[in-house]
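>>> Any chance you can model this:
(one chain, ligands or ions: 2)
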Amino acid sequence: MIREELKNLLTSFTEEDYRKNVDLHIHSNESDGKISPCEILETAKKIGMKYISITDHNTMASYKNVEFQHSNIIIPATEFDCIYQGVYIHILAYGIDINNEEIKQIIAKNEAESKCKLTRLFKLRDSKKVIEIIKKAGGISVLAHPACYPVINLELFIKSLIEIGLEGIEVFYPYKRLRSIVKFHKRKTVYNIAKKYNLIMTGGSDFHGKIYSNFSLTNLSI
Ligand SMILES: [Zn+2]
Ligand SMILES: [Zn+2]
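Ligands and ions are numbered 1, 2, ... in the order given. Model prediction:
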């Protein structure tokens, strides 16, 4: 899919789609999830998902599988560990070419860089560079779970990411589950920022579990 087509597709998804049959944030055991990409794909087909993305940390290992390259319900993606203004953030990359040379340079060099939390923290990527490379590789960059970041002014933080090329933010995701101990920002704040700056709004379950279902999508916005 070419970049503009993908952009139109992502823009066309509504909150309703993300609650029903579109899940653009799923982890498999290629990173810190518990089941294989194939198990996820099989289940997703069975339960009638329209589009899914496996977004393993810093890796696109699932997409080496031929079935994944040809499936018409898959949007290829990954989730990069990055640093921006001293804050540890996750940047989702959709639709990137896995054979792009610059992508190969920022992707995990070994399993630990996808699977081990500590190794990942020592290998944070420069957000500006990552966003530029995603675009050059035909992809779209999206800030994952924006309410999780310990910044005083989320709007200014996102505005400055837009200035370096960020195109979307994740708006529809399980806020409560990802909140951990401290709640930094509200769903409403995230939604309003997306609207104000005309960002692509994406969504997903951030599934890491054993049995994939679209159940977690029903409480996306809580
Ligand atoms: Zn994340
Ligand atoms: Zn994730």
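>>> Ligand 1 contacts on the chain?
H90, A144 (C-beta under 5 Å from the ion). Placement of C-beta: from N, CA and C, glycine included.
>>> Any idea which residue of the chain lies closest to ligand 1?
H90 (3.6 Å; C-beta to the ion).
>>> so what's that residue bridging to?
Using DSSP bridges, the beta-bridge partners of H90 come out as D81.
>>> Can you report how many residues lie near I193?
I193 has 22 neighbouring residues, counting by other C-beta atoms under 10 Å.
>>> swap that for N192, sorry
N192 has 14 nearby residues by other C-beta under 10 Å.
>>> a helix runs through it, doesn't it?
Yes: N192 sits within a helix when classified using DSSP: H, G, I helix; E, B strand; the rest coil.
>>> which residues of this protein score low on pLDDT?
178-183, 215-222 (pLDDT under 70).
>>> Which secondary structure element is home to the spatially most central residue of it?
Most central in the chain under C-alpha atoms, centre = their mean is L92, positioned 3.5 Å from the mean C-alpha point. Taking DSSP states H and E as the definition, L92 sits inside strand 87-94.
>>> Show me what the helix or strand following that strand is in contact with.
Where DSSP H and E defines the elements, the next helix or strand beyond strand 87-94 is helix 101-106. Identification of contacts with helix 101-106 by C-beta atoms under 8 Å, 6 or more residues apart in numbering yields N58, M60, F80, I96, D97, R125, K129, V130, I133, I134, K136, A137.
>>> Which residues belonging to helix 101-106 are considered buried?
E102, I103, I106 (16 or more other C-beta atoms under 10 Å).
>>> Please tabulate those in a markdown table, including the columns distance to E4.
Shown next, in a markdown table, are those (distance: C-beta to C-beta, whole Å):
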| residue | distance to E4 |
| --- | --- |
| E102 | 20 |
| I103 | 19 |
| I106 | 23 |
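>>> interface residues of the chain facing ligand 2?
E79, D206.
>>> Could you pull out the strands in the chain for me?
22-26, 51-54, 77-84, 87-94, 125-126, 140-143, 168-172, 200-203 (DSSP state E).
>>> End to end on stretch 95-109, go ahead and measure it.
20 Å (C-alpha to C-alpha, to the nearest Å).
>>> Now do the same contact list for the spatially closest residue to G209 that is not a sequence neighbour.
In space, and not counting its chain neighbours, G209 is closest to K34: 5.8 Å by C-beta to C-beta, 6 or more residues apart in numbering. Contact partners of K34, counting by C-beta under 8 Å, 6+ apart, are H208, G209, K210.
>>> Closest one of the residues you listed to ligand 2?
Using C-beta to the ion, the contacts of K34 come closest to ligand 2 at H208, 7.5 Å.
>>> count of residues packed around that closest one?
Neighbour number of H208 under other C-beta under 10 Å is 14.
>>> With N198 instead?
Counted with other C-beta under 10 Å, N198 comes out at 10.
>>> Show the backbone phi and psi for it.
Dihedral angles of N198 (phi, psi; degrees, to the nearest 10) stand at phi 50, psi 40.
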